[in-house]
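K.L.:
model this:
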Amino acid sequence: MTVTAFPGPDIATLPAALENAARLGRGELVFHPDGDDHHVASADLLERARTRAHTLASHGVQRGDRVGLFGGNSPQWAEWAYGAWMAGACLVPIGLPLRIVDAAGFAQRLAGFAKTARCRVIVHDPALAHVVPHGSGIPWDAAPAPAGALPVPGPEDLAVVQFTSGSTSAPKGVMLTHRAILAEARARTGGLSMTDDDVMVSWLPFFHDLGLFMFLLYASAFGLEAHLMPTERFARDPVEWLRLADRVRATFTFGPPSGWAALARALQRRPVSLDLSCMTFAGTGAEPLYAHDMDRVQSATADCALAPASFGAGYGLAEAVLGVTTTVRGTGVRFEAVDLDALAQRGEARTAADARNAKLVATCGVPWDGVRLRIDGARGECGVGEVLVHSPSLMNGYDPQHAADPFVGGWLRTGDLGFLSGGELFITGRLKDMMIVLGHNYYPEDFEWGAAQVPGVRPGRCVAFARPGADAKVVVLVEPSPEADTRELRRAVLAAVTRVVGIRPAEVIVVPRGTIEKTTSGKLRRGAMKEAYARGEIPAL
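P.N.:
Purely as a prediction, here's the structure:
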């Protein structure tokens, strides 16, 4: 069986895909706030989106304008997103933190972002009106406007400008067309063997590409059933994710490794028994995946009947809409043991003969249909180099357009380092994060992995980078757990990292909780932490 409402090549825009699903009577979004469930069928979403499109038009929004969308996971977010596309506009998702501490400072940053992103208006949750630039906001409970003629977007029109994780004062937007988004969707549903029987569940925020494309958009437009909970509900109690999956008999979910790690910690504190034998794909991606973290998750979920074979992994990036590769559904996640010395000294991913000198690298699976991969700069069959991607879902470029052009002869330079083995892609690190010490290449992830093994290090809160200057010595920052002894923790991390990587860091600094920055998707902001270190702004306990 395949997806009944799967759009053929004659359906070339997102509104047309939603209209197709509504005509076939397929697709439903089910929202699960703390109160009653809220069901939105594709036909209902289509009708409400048309109303929102007329409201945008009454505020002067025209074809090609950009509409910022600012709020939490809710039916209104979905209505206004499709409303923007039906008005011929381009959607700009705006990140929403779990808690706004400094309203004045946040309002100032939002105003700067909206100006850089060239948002004609910002549609927002009324509760956030106090931080939206004056005169530019439309509350998402705005009164309907009279119906009128609406422009018809074309497949090459911009549908989304997705600003990359970690963008701050100079954000960089990925420009995605309707054609590119639908191309990725067709490849994804086929690559993951999705059918009408699939039931999806997610807590991922809609402003992030995983939440927007994988769950909100693909479910509503392609006739699938998706159960969606607010991100803050997951943050309060990660086990709610699995409770909801059990209740609705979900077959498909996805989360970054940090989300799965939070779930494992919650289950270890308060074990529960659930029946997730229905789950056939529990995916992870967007961050490095470590073998010990996967072991911890599988151990913590053992009483939930979540089979190890149901776990999956993938590789993707905003510049290709979302996904590039995936593991085959039902085969689990595989790790290859790579020799650390060969990796650091020769850039080769050779099988480790000694487990004590091995780096476990997770497979990211095989490319989607229509996607080609190339490893640039690799020497030999097990060489490591920059991953290049050729795909029909690639972006039109960056916005502002003065950003560096990442394309070479139609191939996208990803900035990620990796190798191919048996047709599968393995990612070893980021090109810009690579550290050269005494002529050898080292990955910050290896230092971070070594530090993470030490009891007393706060999970997911250790970061490594090369100290600015010619000596390129390595600095490791760690946040302590509440019970940790700061001085002993520093000594233990220094010893563990030296043992794991084979070189001694120049500094290990134990920093207060909340010091180490992450992006909205949970990735470590190594560059930001390195800059803070260079400015002398890293506090030490």
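K.L.:
can we go C-alpha only for contacts and neighbour counts from here?
P.N.:
Will do.
K.L.:
shaky segments in the stretch 101-250 of the chain?
P.N.:
Along the stretch 101-250 of the chain, segments meeting pLDDT under 70 span 164-171.
K.L.:
in it, which spans are helices?
P.N.:
Taking DSSP state H, counting those that start in this stretch as the criterion, the stretch 101-250 of the chain carries its helices at 103-117, 178-191, 209, 218-221, 231-236, 239-248.
K.L.:
tell me which of these is the most buried.
P.N.:
Mean neighbour count (mean count of other CA atoms under 10 Å) peaks for helix 218-221 among the helices of the stretch 101-250 of the chain, with a mean of 27.
K.L.:
quick one on the thing from earlier: ok, which of the helices of the stretch 101-250 of the chain comes nearest residue 297?
P.N.:
Go through those one by one with CA to CA and the one that ends up closest to residue 297 is helix 239-248, at 12.2 Å.
K.L.:
export the closest one as CSV, just CAs?
P.N.:
Presented in CSV, the C-alpha positions along helix 239-248 are these (Å, rounded to 0.1, in the frame of the first residue of the first chain):
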residue,chain,number,x,y,z
VAL,A,239,7.5,10.7,28.8
GLU,A,240,4.3,12.4,27.5
TRP,A,241,5.7,11.8,24.0
LEU,A,242,5.5,8.0,24.5
ARG,A,243,2.2,8.1,26.4
LEU,A,244,0.6,9.9,23.4
ALA,A,245,2.3,7.5,21.0
ASP,A,246,0.8,4.5,22.9
ARG,A,247,-2.6,6.1,23.2
VAL,A,248,-3.0,6.8,19.4
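K.L.:
counting by contacts, list what it packs against.
P.N.:
Secondary-structure packing of helix 239-248 (3 or more CA pairs under 8 Å, 6 or more residues apart in numbering; DSSP states H and E): strand 199-202, helix 231-236, helix 257-269.
K.L.:
what about residue 61, which helix or strand?
P.N.:
Assigned by DSSP states H and E, residue 61 belongs to no helix or strand.
K.L.:
contact partners for it?
P.N.:
By CA atoms under 8 Å, 6 or more residues apart in numbering, residue 61 lies in contact with 87, 89, 120, 121.
K.L.:
ok, now residue 120?
P.N.:
Residues near residue 120 by CA under 8 Å, 6+ apart: 61, 65, 66, 67, 68, 136.
K.L.:
lowest-confidence one in these?
P.N.:
Here the lowest pLDDT out of the contacts of residue 120 sits on residue 136, with 91.
K.L.:
could you report the neighbour count for that residue?
P.N.:
Neighbours of residue 136 under the rule other CA atoms under 10 Å: 15.
K.L.:
next, it: phi, psi?
P.N.:
Here is the backbone geometry of residue 136 (degrees, to the nearest 10): phi -110, psi 0.
K.L.:
need the nearest residue in space to it, chain neighbours excluded.
P.N.:
Among residues not flanking residue 136 along the chain, residue 121 sits closest, at 5.0 Å (CA to CA, 6 or more residues apart in numbering).
K.L.:
pretty sure the one you found contacts residue 139?
P.N.:
No: the criterion here is CA atoms under 8 Å, and residue 121 misses it with residue 139 at 10.3 Å.
K.L.:
which segments of this structure make up each domain?
P.N.:
Annotated domains of the chain cover 41-181, 237-432, 436-534 [automatic domain parsing].
K.L.:
TSV please, covering those and showing distance to residue 230.
P.N.:
TSV is the format used below for those (distance: least, CA to CA, whole Å):
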stretch	distance to residue 230
domain 41-181	5
domain 237-432	10
domain 436-534	15
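K.L.:
for residue 204, which of those domains is the nearest?
P.N.:
Of all the domains of the chain, domain 237-432 sits nearest to residue 204, with 7.3 Å by CA to CA.
K.L.:
how far away from the center of its chain is the closest one?
P.N.:
Between the centre of domain 237-432 and the centre of its chain there are 11 Å (CA atoms, centre = their mean, to the nearest Å).
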